[in-house]
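Student: 3D model of this:
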Amino acid sequence: MSLLAARQLSRVYRSGVTGRDRRTVLDQVTLDMSPGECVALLGRSGCGKSTLARLLAGLEQPDAGEVRFGGRPLPTFGKADWRAFRRAVQLVFQDPVGAVNPRETVAQIIAEPLRHLRGLTGPAAMEQIQGLLRAVDLPADAAGRLPQQLSGGQLQRVCIARALAAQPQLLILDEAVSNLDLHLQIQMLDLFARLKADRGVSYLFITHDLRLAERFCDRVLVMDDGRIVEETRVGGAFALTSREGRALQNAVLPAMPPRRAMAG
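Tutor: This next block holds a predicted model:
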């Protein structure tokens, strides 16, 4: 059984005074995520990747089709089901500034899922917070800082730590390492790989960077103009054949360090 599945998802955004101006952002998208699997969703800006991420995380509703978790459609969920889903599926956005409360400290930001989803408070929560800060390579004293006292890369790592605090089964990473430098990108991929090996965490890794997808993922989906236009497994003579896939594969990007650096 799939961990998370999309069936014929479509999403239309309406604009204008009467709402008659329509833009189809997703067009009958179907995908399956298995436990312990890492899937890359590739595509250029505006192709619908982030909209799909929000639908899969239950933050928006589709205009057609459905999202299923553990074989059950999300609209059938009760309060307890939604609580379990929120813990199991975590989304890390591309923009960390818009994803946090600027008046909360780092400790308060990370403590939120610990309190609401795992029932941890006080010293037990603080122990978890310090462990999560170490995991994302932030100093212990970062716990007392406000978001505006951190760099963009540091704040993104806080958002990753907050998502990991829920001990999710699936992490949806929406360009979540794009604004980190190459060293930190590799470090985060190494952390995600350890969680995959140790806890069976699944990942939907949304990116436009094929290098990262090849390094970390089992399977690649290519998205263009609201549709999935190609699917292939990573490994061996890996090559993309769709027009959009070839454009992404031919993009000139800096060379990645050898794979063994991920364990360093």
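
Student: so L41 belongs to a strand, correct?
Tutor: Yes. Per DSSP: H, G, I helix; E, B strand; the rest coil, L41 lies within a strand segment.

Student: now do the same end-to-end measure for stretch 41-61.
Tutor: End-to-end distance of stretch 41-61 (CA to CA, to the nearest Å): 20 Å.

Student: show me where the stretch 51-200 of the chain has strands.
Tutor: Along the stretch 51-200 of the chain, counting by DSSP state E, counting those that start in this stretch, strands occupy 64-69, 72-73, 89-92, 170-174.

Student: show me the beta-bridge partners of the closest residue in space to M33 that isn't next to it in sequence.
Tutor: Leaving aside its sequence neighbours, M33 sits nearest to L4 (CB to CB, 6 or more residues apart in numbering; 4.4 Å). The C-beta positions use only the backbone N, C-alpha and C, and glycine is treated the same way. Under DSSP bridges, the beta-bridge partners of L4 are M33, F69.

Student: next one: L4 from G48, what distance?
Tutor: Counting by CB to CB, to the nearest Å, the gap from L4 to G48 is 17 Å.

Student: H183 now?
Tutor: H183 is 31 Å from G48, by CB to CB.

Student: who has more neighbours out of these two?
Tutor: Each of H183 and G48 has its neighbours counted (other CB atoms under 10 Å); G48 has more, 23 against 12.

Student: residues contacting the closest residue to the more buried one other than its chain neighbours?
Tutor: The shortest distance from G48 to any non-neighbouring residue, by CB to CB, 6+ apart, is to G226 (4.4 Å). Contact analysis of G226 by CB atoms under 8 Å, 6 or more residues apart in numbering lists T24, V25, L26, D27, V29, C47, G48.

Student: just checking, what packs against the helix or strand containing E230?
Tutor: If you go by DSSP states H and E, E230 is part of strand 227-233. When contacts are defined as 3 or more CB pairs under 8 Å, 6 or more residues apart in numbering; DSSP states H and E, strand 227-233 sits against strand 21-33, strand 219-224, helix 243-249.

Student: mind putting the ones you listed into TSV with distance to D190 and mean neighbour count?
Tutor: Formatted as TSV, the helices and strands packed on strand 227-233 follow (distance: least, CB to CB, whole Å; neighbours: other CB atoms under 10 Å):
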stretch	distance to D190	mean neighbour count
strand 21-33	22	17
strand 219-224	20	22
helix 243-249	23	17
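
Student: same list (these) but as JSON lines, adding mean pLDDT and distance to Y13.
Tutor: JSON lines is the format used below for the helices and strands packed on strand 227-233 (pLDDT from 0 to 100; distance: least, CB to CB, whole Å):
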{"stretch": "strand 21-33", "mean pLDDT": "94", "distance to Y13": "5"}
{"stretch": "strand 219-224", "mean pLDDT": "95", "distance to Y13": "17"}
{"stretch": "helix 243-249", "mean pLDDT": "88", "distance to Y13": "21"}
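
Student: R199 is nearest to which of the ones you listed?
Tutor: Taking CB to CB, strand 21-33 is the member of the helices and strands packed on strand 227-233 nearest to R199, at 15.4 Å.

Student: give me the contact list for that closest one.
Tutor: Residues from elsewhere that reach strand 21-33 (CB under 8 Å, 6+ apart): 2-15, 39, 48, 51-52, 55, 62, 64-65, 170, 202, 204, 221, 223, 225-228.

Student: contacting residues around the most centrally placed residue in the chain?
Tutor: What sits nearest the mean C-alpha location of the chain, by CA atoms, centre = their mean, is L173, with 1.6 Å. Neighbouring residues of L173 by CB under 8 Å, 6+ apart: V92, F192, Y203, L204, F205, I206, T207.

Student: likewise V106?
Tutor: Taking CB under 8 Å, 6+ apart, one finds L133, L138, A142, A143, G144, R145, L146, P147, L150, V158 in contact with V106.

Student: re the thing from before, give me the mean pLDDT for the strand holding E230.
Tutor: Strand 227-233 carries an average pLDDT of 95.
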